[in-house]
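> can't give you the sequence, but here's the structure:
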């Protein structure tokens with residue numbers, strides 16, 4: 001049943017031996033300065049059998065990073081510390097791309113020395129942020145000025161260049177889940193009346209300009225993008241999702257990126273409900289490159305969508321947390337080990353719930 005998941009695939013310029021992709025998973029195990037740690041090397045090496053690993057969301061700048069102990073790629077120290085992580089994945093036969101992240105209005109002023117976060121417009125996210133001092137209500141962002149947009153694009157470029165220095169196999173632009181690029185895409189958060197607001201063409205402009213800059217550094221075949229063509233994502237929504245995500249697909253098709261990943265959470269997903277399988281079908285009709293879907297899949301559901309042609313590969317998120325050998329478990333039809341101690345161990349520092357999950361073979365071996 002799952003044989004379709006084990007056919008090799010070219011994801012742009014990246015040759016993947018199977019179609020089981022590791023989705024980006026924020027885990028909070030870097031240092032307070034965004035520098036990757038030794039246990040991150042172990043964590044990623046354990047999961048190198050994935051057809052491709054998409055790294056956890058990685059900050060492109062101090063301005064865009066607002067998650068405790070998330071890694072970054074804007075300093076030399078961060079870049080150097082990524083090198084052993086990537087080398088370990090490669091030595092284990094894997095491939096890994098860096099997901100580039102700017103959180104926009106989701107960054108709390110705590111992380112910015114008290115300054116407000118930036119966004120498409122002066123809006124405020126619902127709910128609260130996680131900080132080292134506990135949860136704090138989000139605060140109103142300030143709108144990025146037109147003269148700041150070139151600098152923002154160069155922040156992405158610096159992170160992309162550092163990803164190349166660190167040895168990654170490519171980069172993915174995080175344009176989903178209510179973060180900065182998504183805040184520009186959707187008219188619920190983009191209230192601008194300049195060349196980056198109003199029409200779908202204008203609201204997709206930043207997506208296109210950032211992606212084009214990444215392509216100039218990496219080549220189109222090693223650049224991918226993640227979108228979330230679903231409903232409300234952290235308070236970010238749109239009155240006509242088909243129009244804006246259709247335009248986004250057209251922009252990315254014109255740039256001929258390596259692959260496109262779509263986050264489509266179900267009713268119990270992290271970022272809200274969705275009733276839009278039709279959105280992926282619309283995007284599929286416009287974007288002709290490899291399409292990767294991510295939506296709380298079982299192995300059989302993933303195989304069926306690849307076999308039918310609805311997707312070219314499937315990215316698994318939470319199952320990879322507690323199943324470092326997820327690919328082998330799917331291959332032999334074994335059950336998935338459950339995540340224990342969640343959600344605390346998803347984000348808390350230390351090895352527990354991070355690198356201490358046994359493989360199928362280890363679980364079967366008496367202590």
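Received it, and whenever you're ready, just let me know what you need. Treat the numbers as computed from the prediction; the structure is a model and nothing was measured.
> bridged to residue 53, which residues?
residue 22, residue 96 (DSSP bridges).
> how near is it to residue 217?
According to CB to CB, to the nearest Å, residue 53 stands 20 Å off from residue 217. Backbone N, C-alpha and C define where each C-beta goes, glycine included.
> what of residue 243?
Distance from residue 243 to residue 217, by CB to CB: 30 Å.
> ok so, going back, residue 53 and residue 217: who's more crowded?
A direct count of neighbours by other CB atoms under 10 Å for residue 53 and residue 217 places residue 53 higher, at 27 against 17.
> now do the contacts for that one.
The contact partners of residue 53, taken as CB atoms under 8 Å, 6 or more residues apart in numbering, are 21-22, 44, 47, 89, 94-97.
> ok, now residue 259?
Taking CB under 8 Å, 6+ apart, one finds 11-12, 224, 289-292, 312-313 in contact with residue 259.
> who wins on neighbours among the contacts of residue 53?
residue 21 (29 neighbours).
> not counting its neighbours along the chain, what's nearest it?
Take residue 21 and drop its neighbours on the chain: the residue closest to it by CB to CB, 6 or more residues apart in numbering is residue 315, 3.9 Å away.
> what about that neighbour, how many neighbours?
Applying other CB under 10 Å, we find 27 residues neighbouring residue 315.
> how close does it get to residue 338?
20 Å.
> just residue 201 next, same as before
Using CB to CB, residue 201 is found at 46 Å from residue 338.
> can you check residue 65 too?
Per CB to CB, residue 65 is found 31 Å from residue 338.
> these two - which one has more neighbours?
Set side by side, residue 65 and residue 338 show more neighbours around residue 65, with 23 against 12, by other CB under 10 Å.
> ok, the more buried one touching residue 72?
Yes: between residue 65 and residue 72 there is a contact at 5.8 Å, judged by CB atoms under 8 Å.
> mutual contacts of the two, please.
Joint contacts of residue 65 and residue 72 (CB under 8 Å, 6+ apart) are 34, 59.
> for residue 248, what are its contacts?
The contact partners of residue 248, taken as CB under 8 Å, 6+ apart, are 175, 185, 204, 207, 227, 283.
> among those, which ones are in strands?
Among these, the members falling in strands (DSSP state E) are residue 227.
> of the contacts of residue 248, which belong to helices?
Using DSSP state H, the subset of the contacts of residue 248 located in helices is 185, 207, 283.
> what's the closest non-adjacent residue to the last one?
If I follow you right, that is residue 283. Closest to residue 283 by CB to CB, 6+ apart is residue 249, at 4.4 Å.
> in contact with that neighbour, which residues?
When contacts are counted by CB under 8 Å, 6+ apart, residue 249 is found next to 260, 282-283, 286-287.
> looking at the residues you listed, which one is closest to residue 327?
The closest of these to residue 327 turns out to be residue 260 (CB to CB; 22.1 Å).
> element containing the closest one, please.
Taking DSSP states H and E as the definition, one finds residue 260 inside strand 259-263.
> mind listing what that strand pairs with, with the direction of each?
Paired strands of strand 259-263, defined by DSSP bridges, are strand 223-227 (parallel), strand 291-294 (parallel).
> pick the most buried one from the ones you listed.
strand 223-227 (a mean of 28; mean count of other CB atoms under 10 Å).
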